[in-house]
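Asks: Predicted structure and sequence below. I'll ask about it afterward.
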2 protein chains.
Amino acid sequence: MFKIAIDAMGGDNAPEAIIAGVEKARNEMPDVEFQLYGSVERMQKLVEKDERISLIQADEMIEMGEEPVKAMRKKKQSSLVLAAQAVKAGDADALFSAGNTGALLAVGIFIVGRMKGVDRPALMTALPALKGPHTSFTMMDVGANAENKAVHLYQYGILGSFYAKEVLGFDNPRVGLLNNGGEADKGDPVHKEAHQLLQNGSDAGYMNFVGNVESRDLLQGPADVVVSDGFTGNATLKAIEGTAKTILSVMKHAIVDGNTRSKMGGLMLKPALSGVAEKLDYSQYGGAVVIGTNAPVVKTHGSATAGEVANTLQQIETILKADLTGKVAEFVAAHPDELSGKSVDA
Amino acid sequence: MFKIAIDAMGGDNAPEAIIAGVEKARNEMPDVEFQLYGSVERMQKLVEKDERISLIQADEMIEMGEEPVKAMRKKKQSSLVLAAQAVKAGDADALFSAGNTGALLAVGIFIVGRMKGVDRPALMTALPALKGPHTSFTMMDVGANAENKAVHLYQYGILGSFYAKEVLGFDNPRVGLLNNGGEADKGDPVHKEAHQLLQNGSDAGYMNFVGNVESRDLLQGPADVVVSDGFTGNATLKAIEGTAKTILSVMKHAIVDGNTRSKMGGLMLKPALSGVAEKLDYSQYGGAVVIGTNAPVVKTHGSATAGEVANTLQQIETILKADLTGKVAEFVAAHPDELSGKSVDA
């Protein structure tokens, strides 16, 4: 029986959407216990307690706009901090929130804690891979860190490979380095060094590094695991999101504000266009995962529906079943120097 | 009479497309002389020499895949190097190429030369601004540099403001810093410092800094001049390009491979969809400009048509007419410490 600690107060539609998602998940996931942290008074109106759903009182909540580390330190009775403490104490196996991303990162790193050997946990997200062997790829770091050293990127290659293999079931996942050109000597010193470390790690058999990838090609799926520094990964992810959103909106306006012919064409094309939007909607691939912490810490977006909350909870169960944390820990124990990049660098 | 030195051998369809573009431009631009550098034997079959078109023999050419600095040093008789030398010698006022971007940057920086006070020239491109007061914005650096210091970004704010004001005719152009969040304290140390320098420069009246902008919002046009380090700017530009291309291609497939209803809908929607593609096609805003060199150095894409070549040549004439280089030089002479960021930092 896995136990998931849930920040029931985080997100635009909390606690309603979170609780509706938990109820949906409860029916689909018989082997999971759900611990809901939040206002018991509000929560108990929304859900019947049962043997697999428990309600735990939290007197405070962290708002979307709050400064993450400050909020974590000040609001010790918040739903997010209490849920993270439960994971730290071993009372829960994983942490879920739809609230403040920065605060979730902060409690993931400082309360749940960094995995031994991992210097800088990363935020990882899945994106559609339109021409790859799989329908999606994962990219990290998409914004946990404003700056990264080369060795962090190397660690993301290892961690991402474990995730793609153990959780997604990808065989020999291809690791790519997001860089500003295809050749090995491209990029600033950090990316040049990261390329070398990843190549050495690949030569040593720890991953399958396929070289640099460029942001222009990402949606084609040139790699299963795309490794990036947090600043560039964040800018790239947001550029992809923003461009997709802008184009679909411009397209919609062209149809709606167009002449009768355009409107009729839009109506006839609607099923095909919905298919396109669906292909590009990466929320279907689950939430964003904080990778490199002592237990799974997973985020869904603030406006997530009950269905998306349930999907993310299922993703957490998959991560737990795959024992991602345990497998990485085993690897680190067996190869104590690998994650420092030292031995592969020699 | 302005003189433009043209690398007639650079680009996928050179020299044909280049020469066809020059002929088109010659008819539209009575005050410009065109110096075509390349194989005279090949060129003279394509164009009649006249008093405003001269053909100058170049025995070599730099290929698309060549390592830029190495190629520039080795191929001293290449069309690109000879054209750049003509600008340096004062025999031409500006440089144009549709060839190897890196090589154009190299000759721009090392032969045409950096403008006094500018540390690291940048590559600048225009992108559509769908909701801004203008239809486009310019972004720099989109890849001339793999690394930038904060003071470079400050210089881009000054240079970009001059370009937007003098060349594009924008009144009091809004300068934004591409960063990973809206607040002033966001980003790595380089971006935090750049934010401070830009703010100080704005307070001193040298530009109109509107704060951080995020890649997600760029196409909405939150700023007229977007300043970025070259690594992030390159990743962001390529992510926007790649996403737009991918979506339009997925859309096309959804129509073409769809059922009869989809195909008919696509046919009816075609004019509206073409309008969308046109809105997003930023080649209409001209070529990429190397900003910060002693004379205008401008690039159009490798597969540019004659019409695009002619448009870019007109853009160069506009830059020359606006006397961009002279105006920046005047500013630097009047404020000798401004571009170092020192006085605004105090």
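Replies: Sure, I can see it.
Asks: and A:S283, that's in a strand?
Replies: No: A:S283 sits outside any strand when classified using DSSP: H, G, I helix; E, B strand; the rest coil, being helix.
Asks: remind me, longest helix of chain A?
Replies: helix A:230-256 (DSSP state H).
Asks: which residues sit against the helix or strand following that one?
Replies: Counting by DSSP states H and E, the element after helix A:230-256 in chain order, helix or strand, is helix A:260-280. If you take C-beta atoms under 8 Å, 6 or more residues apart in numbering or on different chains as the criterion, helix A:260-280 is touched by A:128, A:130, A:244, A:248, A:251, A:254-256, A:258, A:284, B:247, B:250-251, B:254-255, B:258, B:261-262, B:264-272. Backbone N, C-alpha and C define where each C-beta goes, glycine included.
Asks: hmm, which of these are the buried ones?
Replies: Buried by 16 or more other C-beta atoms under 10 Å in any protein chain shown: A:128, A:130, A:244, A:248, A:251, A:254-255, A:258, B:247, B:250-251, B:254-255, B:258, B:262, B:264-266, B:268-269, B:272, out of the contacts of helix A:260-280.
Asks: Against A:G266, how distant is the residue lying farthest from the centre of chain A?
Replies: Among the residues of chain A, the one whose C-alpha is farthest from the average of all C-alpha positions is A:T260, by C-alpha atoms, centre = their mean at 42.9 Å. With the distance defined as C-beta to C-beta, to the nearest Å, A:T260 ends up 11 Å from A:G266.
Asks: Show me what counts as buried in stretch A:121-141.
Replies: Of the residues in stretch A:121-141, A:121-130, A:132, A:134, A:136-141 count as buried by neighbour count, 16+ other C-beta under 10 Å.
Asks: Over to stretch A:204-220?
Replies: Buried residues in stretch A:204-220, defined by neighbour count with 16+ other C-beta under 10 Å: A:206-220.
Asks: For A:L80, which non-adjacent residue is spatially closest?
Replies: A:D7 (4.5 Å; C-beta to C-beta, 6 or more residues apart in numbering or on different chains).
Asks: quick one: contacts of stretch A:242-254?
Replies: For stretch A:242-254, using C-beta under 8 Å, 6+ apart, the contacting residues are A:262, A:273, A:277, A:280, B:130, B:214-220, B:239-240, B:243-244, B:247-248, B:251, B:269, B:272-273, B:275-276, B:279-280.
Asks: Likewise for stretch A:122-129?
Replies: Residues outside stretch A:122-129 that contact it (C-beta under 8 Å, 6+ apart) are A:101, A:105, A:135-145, A:152, A:156, A:159-160, A:163, A:218-221, A:224, A:230, A:237, A:240, A:279-280, A:282, A:285-286, A:288-292, A:299.
Asks: Quick one, which of those are buried?
Replies: When the contacts of stretch A:122-129 are checked for burial by 16+ other C-beta under 10 Å, the buried set is A:101, A:105, A:136-145, A:152, A:156, A:159-160, A:163, A:218-221, A:224, A:230, A:237, A:240, A:279-280, A:282, A:285-286, A:288-292, A:299.
Asks: Chain B contacts on the stretch 1-150 of chain A?
Replies: Taking C-beta under 8 Å from any C-beta of the partner chain as the criterion, the neighbours of chain B within the stretch 1-150 of chain A are A:130, A:143, A:146-147.
Asks: on that earlier part again, state the distance from the residue nearest to A:L80 to chain B.
Replies: Plainly put, A:D7 is 22 Å away from chain B if you go by C-beta to the nearest C-beta, to the nearest Å.
Asks: what's near enough to touch that residue?
Replies: Contacts were defined as C-beta under 8 Å, 6+ apart; by that measure A:D7 touches A:18, A:37-38, A:79-80, A:83, A:95-99, A:104.
Asks: Out of the residues you listed, flag the one nearest to chain B.
Replies: The nearest member of the contacts of A:D7 to chain B, counting by C-beta to the nearest C-beta, is A:L104 at 15.7 Å.
Asks: picking that back up, and the longest helix of chain A with helix B:260-280, angle?
Replies: Between helix A:230-256 and helix B:260-280, the angle formed by their directions is 120 degrees, by axes from the mean of the first three to the mean of the last three C-alpha atoms, to 10 degrees.
Asks: Please compute how far helix A:230-256 lies from its chain's middle.
Replies: 19 Å (C-alpha atoms, centre = their mean, to the nearest Å).
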